[in-house]
Every structure is written in C-alpha cells, then in structure tokens.
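In: Give me coordinates for this.
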Amino acid sequence: MDTIESKGNTQYGQPTELGEGKRTEHRAWSLPRELPERERQVSLEVVGSGSMIEAAGGFVAIVLSIISMAGVAPAHMIAVAGIVVGLAMLVDSGSVAGRFWQLPVEMSTGRWAATQLATGITAGFLGGLAGVVLGIVALTNITVWALLSVSILVFGAVLLIASDMTLRMNYLEATGAEGQASPSPTGHHATLIAAGVQVVLGAVAVLFGVLALVGIAPVALTKIAMLIIGISMFVSGTAIARRMMCVLRRGQPSCQAE
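Out: Residues are numbered from 1 along each chain as shown. Below is the predicted model of the structure:
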C-alpha cells in the first residue's frame, strides 16, 4: 500500500503492524484498495437509518418535554421521554456497531478513528440502557425526580462522549484508489455543526443534572434538560441521516449546494 508501509499481512478491518517489534499502539487500521460498492451502500443505509431513529426519538422527547412544561402529568411525560431517548440511543449505537468493521472511515487517523467509534458505541449502549431502566423505575413513582435527574446526567454524558462519533460520520465515504476514504462536502458542514451543538448541549445537560441532584430546582431543570437533550438528538440525527442520503444520492442539487 502506498500510504502505509507494513510488514505482514493486511486484512480487511484488522490491525496491521507498522514494523517488526513495534508496540501495539503503533498499529494502523486499513481498508482494501477497493471496498465493494454494495458494502459501502449498506453501511451508509444502516447508519442513516439509525440516525433517523435518533432524530425521531429526539423529536418525541421535545414534544413530551413541552407537554410536561405545560403541566400535563409532568413526571410521567419526562419519564416516558427518558425511555424514548434511551431506546433511540440503543438503536443508533447498535446501527453503528452492526457495521463497525465495514465502515469506510478516514484512515489517516488510523487506529484512533476506530477507537472513537468504539467509545461512542459503548457510551450510547450503556447510556441508553441506563436511561430506559431509570425511566421505567421512575414511572413507578419511586423517587421520581431524583431518578430522572440521574438519567439527565447520563444522557448528557453520552452526548459529550458520542460527539466524536458524530464528527467521524463526516468520513463515511467511498474509498479512493489508495484505499483511503475521501470525505464529500455534502452535509459536511451540517455534521460539524451538529457535533458542536451536541458538545454544548451535552455539557449543559450534565450541569443541569448535577444541579437537580443537589436539590436546586430539580423539577424545572430536569424538564429543561430533557428538552435540550431532545433538541441535540434531533439536530445530530437529522444532520447525519441527511449526509448519508446525500452520499448515497450524490449529484442531487440539494446536496451539491453544501
């Protein structure tokens, strides 16, 4: 391979030593020179579908949070919103995990790119599972707002950790002649903005979760934080899903405009 000098065999989606006697951290991740077009399309479709579900979950959380703020069964609305957000996180992280070895990520960052994806997948799965459990327990009226504050804290942390995975979606693109992914401009800026929004809103959600846990306006802060989490998921999910669709349908005027 022109860009990576290696000793030993290079396998699809597997680490390759950069030289004899090199330590494990000096391994690189590489793709074959020609990744089957159908494999690329499947990866884009699966990740795009997971992101659409994430956006839908975020939208539902926004609606339920607004209903809660209006005074309609506030605790139950937020608990259900937490369950929905948790399920959406599980589905989204699962969609990426299902194509982890096939995702044509940008290779110049090597092993670090795979590490970012793995970290985001793990955070999304654990955070989503925790959110679902906490939401279900909260529906039983056992220390409702304390449990919901914890779920807010968990969701905020997931948004912060998974922002790297959102950013990495910019490099889901067809590989070039040298086996490296070449990012397309379609949806690129929207995904960058979505990752930035995710970091900011995730940090705000964590802060609100901590304040709610120590007893500072727990009800109001939990409602606002759930609304913020829903907005973040809707923005990031929509941006990633749109990017996947643009890459799959490259050449459309609406995609080329970006």
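In: The least confident helix or strand in the chain by mean pLDDT: what's the following helix or strand?
Out: None of the helices or strands of the chain scores lower by mean pLDDT, DSSP states H and E than strand 28-29, at a mean of 40. As assigned by DSSP states H and E, the chain's next helix or strand after strand 28-29 is helix 37-69.
In: just checking, what packs against that next one?
Out: For helix 37-69, the packing partners by 3 or more C-beta pairs under 8 Å, 6 or more residues apart in numbering; DSSP states H and E come out as helix 74-98, helix 218-248. C-betas here are computed from N, CA, C, even on glycine.
In: Columns mean neighbour count on top of the ones you listed, output as a markdown table?
Out: Converted to a markdown table, the helices and strands packed on helix 37-69 look like this (neighbours: other C-beta atoms under 10 Å):
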| stretch | mean neighbour count |
| --- | --- |
| helix 74-98 | 23 |
| helix 218-248 | 24 |
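In: Now tabulate those in a markdown table and tack on mean pLDDT and distance to Val42.
Out: Formatted as a markdown table, these follow (pLDDT from 0 to 100; distance: least, C-beta to C-beta, whole Å):
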| stretch | mean pLDDT | distance to Val42 |
| --- | --- | --- |
| helix 74-98 | 90 | 10 |
| helix 218-248 | 88 | 10 |
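In: could I get the ones you listed as a markdown table with distance to Ala195?
Out: Formatted as a markdown table, those follow (distance: least, C-beta to C-beta, whole Å):
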| stretch | distance to Ala195 |
| --- | --- |
| helix 74-98 | 14 |
| helix 218-248 | 7 |
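In: Relative to Gly57, which of those is closest?
Out: Closest to Gly57 of the helices and strands packed on helix 37-69, according to C-beta to C-beta: helix 74-98, at 2.6 Å.
In: returning to that earlier point: the helices and strands packed on helix 37-69: which one's closest to Ser51?
Out: Among the helices and strands packed on helix 37-69, helix 218-248 comes nearest to Ser51, with 3.9 Å by C-beta to C-beta.
In: Now do that closest one and helix 37-69, the angle between them.
Out: Using axes from the mean of the first three to the mean of the last three C-alpha atoms, to 10 degrees, one finds that helix 218-248 and helix 37-69 are set 160 degrees apart in direction.
In: Packing partners of helix 218-248?
Out: Using 3+ C-beta pairs under 8 Å, 6+ apart: helix 218-248 touches helix 37-69, helix 74-98, helix 144-168, helix 188-213, helix 253-256.
In: Compute the inter-axis angle for the second one and helix 37-69.
Out: Here helix 74-98 runs at 170 degrees with respect to helix 37-69, directions being taken by the same axes, to 10 degrees.
In: Then the fourth one?
Out: Orientation of helix 188-213 against helix 37-69 (the same axes, to 10 degrees) gives an angle of 40 degrees.
In: Point out the other helices and strands that helix 188-213 packs with.
Out: Here helix 188-213 touches helix 144-168, helix 218-248, going by 3+ C-beta pairs under 8 Å, 6+ apart.
In: in the shortest one, what counts as buried?
Out: What it means is helix 144-168. 144-145, 147-168 (16 or more other C-beta atoms under 10 Å).
In: Now do it and helix 188-213, the angle between them.
Out: Interaxial angle, helix 144-168 versus helix 188-213 (the same axes, to 10 degrees): 160 degrees.
In: pretty sure Ile229 contacts Leu160?
Out: No - under the criterion of C-beta atoms under 8 Å, Ile229 is not in contact with Leu160, lying 11.5 Å apart.
In: you'd agree Ala162 is up against Gln198?
Out: Yes - the criterion here is C-beta under 8 Å, and Ala162 meets it with Gln198 at 7.3 Å.
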